[in-house]
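1. give me a 3D structure for the following:
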Amino acid sequence: AGYSDTSQIFLLIVLDTPQVMTARSGDGLDSYESEATMIDITGAAGLEQYDGQHIVFSIDPNETWWPSDTSLPLGEPSTGSVHVLE
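-> Residues are numbered from 1 along each chain as shown. The predicted model follows:
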């Protein structure tokens, strides 16, 4: 679309298999469980060093959000807090 920023870069964790996870609703008032195939980590700092690598990680469900709009990646959760374990 003409209003899109085609230079925007998204950082994603693509999960090995879909995972059922609990995260905050887009309005922040509640949490709910749904299936995710990837997690948007664009807002997380210091993860560029893991680009293209297989990692084991944890996230805090209280700092992870299901989208309330058509943000990319569509329907997938986002977080700014990723803890790489391996």
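
2. what about residue 70, distance to residue 76?
-> Plainly put, residue 70 is 12 Å away from residue 76 if you go by Cβ to Cβ, to the nearest Å. Heads up, the C-betas are built off the backbone N, CA and C, glycines and all.

3. between those two, which is the more surrounded one?
-> The neighbour count for residue 70 versus residue 76, taken as other Cβ atoms under 10 Å, is higher for residue 76 (20 against 7).

4. Three-state assignment for the more buried one, please.
-> Put simply, residue 76 is coil when judged by DSSP: H, G, I helix; E, B strand; the rest coil.

5. can you tell me the closest non-neighbouring residue to it?
-> residue 38 (5.1 Å; Cβ to Cβ, 6 or more residues apart in numbering).

6. need the per-residue pLDDT for that neighbour.
-> The score at residue 38 is 96. That number is its pLDDT.

7. what separates stretch 52-69 from the chain centre, distance-wise?
-> 4 Å (Cα atoms, centre = their mean, to the nearest Å).

8. just the residues contacting it, thanks.
-> 13, 21-28, 31-32, 34, 39, 74-86 (Cβ atoms under 8 Å, 6 or more residues apart in numbering).

9. cutoff 10 Å now
-> Stretch 52-69 is touched from outside by 13, 16, 21-28, 30-34, 36, 39-41, 43-44, 47, 50, 71, 73-86, with contacts defined as Cβ atoms under 10 Å, 6 or more residues apart in numbering.

10. where exactly do the strands run in the protein?
-> 12-24, 31-40, 57-59, 64-65, 78-79, 82-84 (DSSP state E).

11. out of those, flag the one nearest residue 5.
-> strand 31-40 (15.4 Å; Cβ to Cβ).

12. how far off strand 12-24 does the closest one point, in degrees?
-> Angle of strand 31-40 versus strand 12-24, following axes from the mean of the first three to the mean of the last three Cα atoms, to 10 degrees, is 170 degrees.
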